[in-house]
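Participant: Sequence and predicted model, in that order:
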Amino acid sequence: MFRQTRSFLMPRLVPTLDAFAAQGFGAQAGFLSEDECSALLEQIASYRSTHELPEVYRASGDRPLHYSVIDGERITTHFPDLVSLYERVNALVNEAMGEELVPLEDLRVGLNVNVTPAGGTYRWHYDRNAVTAILYLNAVPGGETEIYPNYRLFMEGARYSALQRIADRVLEMRIVRGMFGRLVQVAPETGLLVAMRGNRCLHSVRPVEGDADRINVIMAYDRPGVQFAVAPQLDQYLYESEAASKVDPNYR
C-alpha cells in the first residue's frame, strides 16, 4: 500500500489516522468494503452514461492536470450516498485532528469525484483547504498519490504573497524535495481512505497505467467561516474544461 523513500529528514511512516494531528498524514485501509465501492462505482458509471463530464487539462511540466470531474453541486443533486459519506468522514477527521472542521461552504469544491484516465496525472500542488480526504474506489496500476507530509513553509497571513510563492517553488524542486522531504507513495487500493493537511502537504499523482480509469472521491474540510481570496478563478481552473487563466490562481 505504502512506499517511502529516504531523505535527510524521514519521520516514521504513519499508516493509520491515529497520529494524524502530529504527522499531518494518515490512512485507513478498508474504510469502505469492496461491495460498497462497487455500488458507488455503478452509480458513477450510470451518471457518466447520461452526463458529459468536464475534462480538465492544464500543462505543468511532466505532470499536467489531466482528469475529469463531477463537482459538488452535481453530487449534491445526484449522489446522496456520497453526501452522507462526506459527513461521516468529517466526524472521523475531526476526531483525528482534535478540532472542529466543517465541509467547505463552496459546494462545488467541497466534495468531488475525480476520474483520471490512462496516462492522466495531477501536478504537484497544495490545496486551498486545511484537510483533504481521498477515498479510492478502485485499484489500478500506477496512479500513486505522492505526498510530502507537513512539508510546506506555510505563511498563515500571507499565503498568496510573492514570498510564499517563491518558497513553494523552491521547495517543489526535485533536488530540494530529495534532500529535505519524506516522500510517501500511496497506491490506489479499493476502499482505502487517506487524509492529509492539504494546505501543508505537497502532493501529486503519478501517471495512471493500464486501460481503466482511476476513480477517487475527494472531500475537503476547513475551519468554520473560512474564505479563499482566489476561489472564483481557482474554481474555474479546476472544474471547467476551459479556464481564463493558464496559471494556477493558488500560485500567482
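Facilitator: Arrived safely, thanks for sending.

Participant: pLDDT below threshold where in the stretch 151-252 of the chain?
Facilitator: 231, 243-246, 249-252 (pLDDT under 70).

Participant: If we use 50, what do you get?
Facilitator: Judged against pLDDT under 50, the stretch 151-252 of the chain has no low-scoring part.

Participant: For it, which segments are assigned as strands?
Facilitator: 183-186, 193-196, 202-205, 214-222 (DSSP state E, counting those that start in this stretch).

Participant: tell me what the third one is packed against?
Facilitator: What that stands for is strand 202-205. Contact analysis of strand 202-205 by 3 or more CB pairs under 8 Å, 6 or more residues apart in numbering; DSSP states H and E lists strand 122-125, strand 145-148 as its packing neighbours. Where you see a C-beta, it was placed from the backbone N, CA and C, and this is true even at glycine.

Participant: Run the chain-centre distance for that strand.
Facilitator: 8 Å (CA atoms, centre = their mean, to the nearest Å).

Participant: hmm, who's touching the helix or strand containing residue 83?
Facilitator: Taking DSSP states H and E as the definition, residue 83 sits inside helix 80-97. Contacts with helix 80-97, where a contact means CB atoms under 8 Å, 6 or more residues apart in numbering, come from 17-18, 20-21, 26, 28, 39-40, 43, 75-76, 100-103, 110-111, 113, 131, 133, 135, 193, 195, 217, 219, 221.

Participant: can you check stretch 32-41 too?
Facilitator: 81-82, 135, 137-138, 190-191, 193, 215, 217.

Participant: Just put the strands of the stretch 151-252 of the chain in TSV and tack on mean neighbour count.
Facilitator: Output for the strands of the stretch 151-252 of the chain, formatted as TSV (neighbours: other CB atoms under 10 Å):
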stretch	mean neighbour count
strand 183-186	20
strand 193-196	25
strand 202-205	22
strand 214-222	24
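
Participant: Relative to residue 62, which of those strands is closest?
Facilitator: strand 202-205 (10.3 Å; CB to CB).

Participant: So what are the sheet partners of that closest one and their directions?
Facilitator: strand 122-125 (antiparallel), strand 145-148 (antiparallel) (DSSP bridges).

Participant: which of the ones you listed is buried the deepest?
Facilitator: strand 145-148 (a mean of 22; mean count of other CB atoms under 10 Å).

Participant: Let's see that strand as CSV, backbone CA atoms only.
Facilitator: Provided in CSV are the C-alpha atoms of strand 145-148 (Å, rounded to 0.1, in the frame of the first residue of the first chain):
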residue,chain,number,x,y,z
THR,A,145,-0.6,9.6,-4.8
GLU,A,146,2.8,11.0,-3.8
ILE,A,147,2.8,13.1,-0.6
TYR,A,148,5.4,15.1,1.3
